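**Student:** Let me see the structure of the following:
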Amino acid sequence: MSQQKVVLLLGSNLGDQKKNLELALQKITDAGNNISQISEFLMSDPVEFVSSNIFCNIAAIIFTHLSPIQLLDCIKGIEAEMGRVNDSKVSGGYSDRVIDIDIIKYNEIIFSSERLEIPHKKHLFEREFSRILLKDFI
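**Tutor:** Below you'll find the model as predicted:
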């Protein structure tokens, strides 16, 4: 498979958030993906749940040989390695997290399965912090 252009959004609201994001980006690279662009860090309040911990977020453009599902498996593995114990798709709700990595766009494809929806409509159209981060990436 040739290189595919993917937009990711990463967030953390536990521990050293910036360090968590940098470690996640390093693990994405270590998994064989090429990061071509990274946004500035953006601090934001939690969305769709209540917490006293603010989020640090970042957007990234990567190039990957992985299919959408392979990439999802890769980033879910990174989240687990970094200590994320609950996934909102499994638990049915949002909570504090060491790391969250979402696939926002994968080339221009439209893809929907039980585990993954591309493009990620909530980040593209509903969440203000996402629109700020993604304005130069979409």
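**Student:** looking at the protein, which helix or strand is least sure?
**Tutor:** When each helix and strand of the chain is scored by mean pLDDT, DSSP states H and E, helix 88-91 comes last, with a mean of 53.
**Student:** Toward the C-terminus from it, list the very next helix or strand.
**Tutor:** Next along the chain after helix 88-91, taking DSSP states H and E as the criterion, comes strand 100-106.
**Student:** average pLDDT across that following strand?
**Tutor:** Averaging pLDDT along strand 100-106 yields 95.
**Student:** ok, now stretch 125-133?
**Tutor:** Stretch 125-133 comes out at a mean pLDDT of 83.
**Student:** give me the number of residues near residue 25?
**Tutor:** Here the count is done by other C-beta atoms under 10 Å, and residue 25 has 20 residues near it. Every residue, glycine included, has its C-beta placed from N, CA and C.
**Student:** Quick check: buried residues in whichever helix or strand residue 28 is part of?
**Tutor:** Assigned by DSSP H and E, residue 28 belongs to helix 17-30. For helix 17-30, a neighbour-count test (16 or more other C-beta atoms under 10 Å) marks 17, 20, 21, 22, 23, 24, 25, 27, 28 as buried.
**Student:** so where's this structure uncertain?
**Tutor:** 1, 86-94, 123 (pLDDT under 70).
**Student:** please redo it, this time with the cut-off set to 80
**Tutor:** By pLDDT under 80, the low-scoring segments of the chain are 1-2, 48-49, 85-95, 122-126, 138.
**Student:** Let me see the ranges of the helices in it.
**Tutor:** 17-30, 68-81, 88-91, 121, 128-134 (DSSP state H).
**Student:** where's the closest residue to residue 78 other than its chain neighbours relative to residue 33, distance?
**Tutor:** Among residues not flanking residue 78 along the chain, residue 27 sits closest, at 4.6 Å (C-beta to C-beta, 6 or more residues apart in numbering). From residue 27 across to residue 33, the span is 10 Å (C-beta to C-beta, to the nearest Å).
**Student:** hey, what's in contact with both of those two?
**Tutor:** Both residue 27 and residue 33 lack any common contact, where contact means C-beta atoms under 8 Å, 6 or more residues apart in numbering.
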